[in-house]
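Novice: sequence and predicted structure, then a few things I'm wondering about:
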Amino acid sequence: MTMTLIADAPVDVDAEGFLTDPGQWNEQIAEAIAEGNGVPELTDRHWLVVRFMRERYLATGTAPTIRSLGKESGVPVKELYQLFPKGPAKLAAKIGGIPKPKGCI
Amino acid sequence: MTELLEDTHHTPAEPKTIEKVSIVISKGSLEGIYPGLIMANGARMEGIEADVFFTFFGLDAIRKDRSAKIKVATVGNPGMHLPTLLGAIPGFSALATKMMQRQMEKLDIPPIPEFVELIADSGAGLYACKATVDMFGLTMDDFVPQVSDIITVGDFYERAAGAQIIFT
């Protein structure tokens, strides 16, 4: 775990750049992480997914699977992969300031 | 000569990440199909390009009439830790399948037809093996709509250029 500056805010991140403390997150941080990970602009659809991931994690302690993301976030699987080509669950977690999802599904 | 010797020390740089996988699913039991599907889905979740090639009884995973009826092999499967005769009792395979499905549902692992759809929606290519299709007398009409094409093994290798091939 290392401390780094994202969008001028000091945050703790793991080796892959996931925030380790979701409490340090804000929307500017989300935009900065997105830009650095191949998502130059966060649209309303991106935000829908990012907020869903974050809320689900904060409520349950685990990030949702790609299956429940596709069924319950309001964004279908095909579109999830268009929004986050490098992996929707992983990237939305990173942008949403929650730890990397641990599940296999 | 010195140059030649020096050249043997030269090793090409290994790529740091896997960019593409081509997964072969060749078995038609529940435990034969799921690992390949989980690996394909997992690849896409990591942003890795993925193709899935279904061959022999693995085709059952994408057959309209069979994909919802895949069963655990309770006979000839030492992993079940059951006497073979017990595994052969009518209905036993269905029961074991039901129990395993319940466990998978708890982990949010989809049933096979839904999983195939999820993987196709994630952008992976799904292909049926031509040799098997011809052998079983099947056509595209026998497969779920997510199947992109029926291809030869040569086409498979062509599509797999630069990929890691995983046989299950």
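Specialist: In hand now; what should we look at? Since the model is a prediction, treat every value here as computed from it, not as a measurement.

Novice: tell me which element the closest residue to residue A:73 other than its chain neighbours falls in.
Specialist: Nearest non-adjacent residue to residue A:73, counting by Cβ to Cβ, 6 or more residues apart in numbering or on different chains: residue A:52, 4.1 Å away. Where you see a C-beta, it was placed from the backbone N, CA and C, and this is true even at glycine. Using DSSP states H and E, residue A:52 sits in helix A:44-60.

Novice: I'd like the average pLDDT over the helix or strand just after that helix.
Specialist: Going down the chain from helix A:44-60, the next helix or strand is helix A:66-72, by DSSP H and E. Across helix A:66-72, pLDDT averages out at 93.

Novice: and the contacts of the very next helix or strand once past helix A:66-72?
Specialist: The first helix or strand that comes after helix A:66-72 along the chain, using DSSP H and E, is helix A:77-83. The contact list for helix A:77-83 (Cβ atoms under 8 Å, 6 or more residues apart in numbering or on different chains) reads A:39, A:43, A:45-46, A:49, A:66, A:69-70, A:73, A:75, A:88, B:44, B:118, B:121-123.

Novice: before we move on, back to that, residues contacting the residue nearest to residue A:73?
Specialist: By Cβ under 8 Å, 6+ apart, residue A:52 lies in contact with A:64, A:69, A:72, A:73, A:74, A:92.

Novice: the second one and chain B, how far apart?
Specialist: In this case it means residue A:69. 10 Å (Cβ to the nearest Cβ, to the nearest Å).

Novice: before we move on, the earlier item: ok, the contacts of helix A:77-83 vs residue B:168, which is closest?
Specialist: For the contacts of helix A:77-83, the residue nearest residue B:168 by Cβ to Cβ is residue B:44; the value is 16.4 Å.

Novice: and residue B:25, how far from residue B:97?
Specialist: As for residue B:25, its distance to residue B:97 is 18 Å (criterion: Cβ to Cβ, to the nearest Å).

Novice: which one of these two has more residues nearby?
Specialist: Remark: of residue B:25 and residue B:97, residue B:25 carries more neighbours, 29 against 19, as counted by other Cβ atoms under 10 Å in any protein chain shown.

Novice: for chain A, which residues are neighbours of chain B?
Specialist: By Cβ under 8 Å from any Cβ of the partner chain, the part of chain A that sits against chain B consists of A:65-68, A:70, A:76-78, A:81, A:85-90, A:103-105.

Novice: buried among those? Need that as a selection in PyMOL.
Specialist: In PyMOL, this line selects whichever of those come out buried by 16 or more other Cβ atoms under 10 Å in any protein chain shown:
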select buried, chain A and resi 65+66+67+70+77+81+87+88+89+90+103+105
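
Novice: returning to that earlier point: closest to residue A:5 out of the contacts of helix A:77-83?
Specialist: Closest approach between these and residue A:5, by Cβ to Cβ: residue A:39, at 19.9 Å.

Novice: state the helix or strand in which residue 98 lies.
Specialist: Answering for chain A, as no chain was given. Counting by DSSP H and E, there is no helix or strand that carries residue A:98.

Novice: nope, chain B please
Specialist: For residue B:98, the host element (DSSP H and E) is helix B:92-106.

Novice: right, is that helix up against chain A?
Specialist: No - judged by Cβ under 8 Å from any Cβ, helix B:92-106 makes no contact with chain A; its nearest approach is 9.2 Å.

Novice: next, the angle helix B:92-106 makes with the following helix or strand past that helix.
Specialist: For helix B:92-106, the succeeding helix or strand toward the C-terminus, using DSSP H and E, is helix B:112-121. Here the directions of helix B:112-121 and helix B:92-106 differ by 50 degrees (axes from the mean of the first three to the mean of the last three Cα atoms, to 10 degrees).
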